[in-house]
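Engineer: I would like to see how this sequence folds:
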Amino acid sequence: MVTHDEIAQASGYYKIIDRVDGYLKQANVLGLISGSSRNNNGTLFVQGFAEHKLNATVGVPELSMAYEDGQKIKRLIEGGQKVELAINIQAKTSTDDTKGYNVVGEIPGSDPKLKSQLVMLGGHLDSWQSATGATDNAAGCIVMMEVVRLLDSLGLKPKRTIRIALWGGEEQGVYGSYGYALNHFMSKDYKLKPEQAKVSAYYNLDNGTGKIRGIFTQSNKAVMPIFEKWFAPFNDLGAKTVSDKNTGSTDHLSFDWAGIPGFQFVQDPIDYETKTHHSNQDNYDHLQMDDLKQAAIIVASFVYQTSIEKDLLPRKPLVKEVFAFEGL
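Structural biologist: A predicted model of the protein is given here:
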């Protein structure tokens, strides 16, 4: 989970980035080329650090270069050789539409007494520009869409309404889910809205293509024995870990902030952080289809079990604190 100390550190980091950009402009720098040692063997990581605000100034153009190319340029310069680069950047920031968009769908509940209550699941639609966003997070989206298809095609009758949400703006600071939480569950001054009390749980998938190994409960110890029971049929598929640890940087945090049980599944890392996350390798060829099928089956079971559970899932006490990503 992203802590407030980490957010404060990140906020300071962004301020430093803004100052550095100002110094570069004063020096008439035309562009900034990054040749990180991570950018090797054909993999290039692309990450933008500019603010996503209407009043933000346009920064110095930044490029991501292969480490090998960067080292070659470095050696040439150190050897007294003149190096010329031809760069053609054509880009602009559009302000024609500054709204964020989420995609939402439902399977209505079948129990007259419980159908006003919700079980939610989702992932995020947006991705970085260096590839197609297959593992971050088309993988999560297609699993959650398959969950809804399975529950519908099997003719199951969930007692509570099941609502899927595919979020926009996650990469900029979980804006889609946070905006949804503000509109439906809790205001910034911690005033709860009626719908907040009707959501049993939110399940999220956003850690790549790997199969599900367990779930993080975000320190919700009361829910652990329930999840252990639900995982029992899937132990032979490698899914059994119920961790009370926190994990962060994705959309379940918006629900956790609003006092709603929000969970992210534990997944096999595969090559997510080392190769595909925010890189030019985040494409279809790095999806593990069998793992995604396993994930869909497990999520479908958790969602359905939550929908027919006698009571809403246990909740942690609501902690009144500024949302971690607010202001970034």
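Engineer: surely Leu287 meets Thr132?
Structural biologist: No: the criterion here is C-beta atoms under 8 Å, and Leu287 misses it with Thr132 at 10.4 Å. Where you see a C-beta, it was placed from the backbone N, CA and C, and this is true even at glycine.
Engineer: Please identify every residue contacting each of the two.
Structural biologist: Both Leu287 and Thr132 are in contact with Ala138, where contact means C-beta atoms under 8 Å, 6 or more residues apart in numbering.
Engineer: Between the two, point out the one with more neighbours.
Structural biologist: Using other C-beta atoms under 10 Å as the criterion, Leu287 and Thr132 rank with Leu287 on top: 18 against 14.
Engineer: ok, now how distant is that one from Val147?
Structural biologist: Shown here: Leu287 relative to Val147, a distance of 17 Å by C-beta to C-beta, to the nearest Å.
Engineer: Check Gly238 too.
Structural biologist: For Gly238, the distance to Val147 - C-beta to C-beta - is 19 Å.
Engineer: And the two? Which one has more around it.
Structural biologist: Legend: neighbour count by other C-beta under 10 Å for Gly238 and Val147, higher for Val147 (25 against 14).
Engineer: Now that one. Nearest residue, chain neighbours left out?
Structural biologist: Closest residue in space to Val147, ignoring its immediate chain neighbours: Ala300 at 4.4 Å, by C-beta to C-beta, 6 or more residues apart in numbering.
Engineer: Check whether that neighbour really touches Arg149, as I assumed.
Structural biologist: No: the pair Ala300 / Arg149 is not scored as a contact, 9.1 Å apart, by C-beta under 8 Å.
Engineer: who's more crowded, the two?
Structural biologist: Ranked by neighbour count (other C-beta under 10 Å), Ala300 and Arg149 place Ala300 first, with 22 against 12.
Engineer: got the CA coordinates for the helix or strand hosting that one in PDB?
Structural biologist: Using DSSP states H and E, Ala300 sits within helix 289-308. Output of helix 289-308 as PDB, limited to C-alpha atoms (Å, rounded to 0.1, in the frame of the first residue of the first chain):
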ATOM      1  CA  MET A 289      -3.800 -17.300 -21.500                       C
ATOM      2  CA  ASP A 290      -4.000 -20.400 -19.200                       C
ATOM      3  CA  ASP A 291      -3.100 -18.200 -16.200                       C
ATOM      4  CA  LEU A 292      -5.700 -15.700 -17.200                       C
ATOM      5  CA  LYS A 293      -8.300 -18.500 -17.400                       C
ATOM      6  CA  GLN A 294      -7.300 -19.600 -13.900                       C
ATOM      7  CA  ALA A 295      -7.700 -16.100 -12.600                       C
ATOM      8  CA  ALA A 296     -11.100 -15.700 -14.200                       C
ATOM      9  CA  ILE A 297     -12.400 -18.900 -12.600                       C
ATOM     10  CA  ILE A 298     -11.200 -17.900  -9.100                       C
ATOM     11  CA  VAL A 299     -12.400 -14.300  -9.300                       C
ATOM     12  CA  ALA A 300     -15.800 -15.500 -10.500                       C
ATOM     13  CA  SER A 301     -16.100 -17.800  -7.500                       C
ATOM     14  CA  PHE A 302     -15.100 -15.000  -5.100                       C
ATOM     15  CA  VAL A 303     -17.600 -12.600  -6.600                       C
ATOM     16  CA  TYR A 304     -20.400 -15.100  -6.600                       C
ATOM     17  CA  GLN A 305     -19.700 -16.300  -3.100                       C
ATOM     18  CA  THR A 306     -19.800 -12.600  -1.900                       C
ATOM     19  CA  SER A 307     -23.100 -12.100  -3.700                       C
ATOM     20  CA  ILE A 308     -24.800 -15.000  -1.900                       C
END
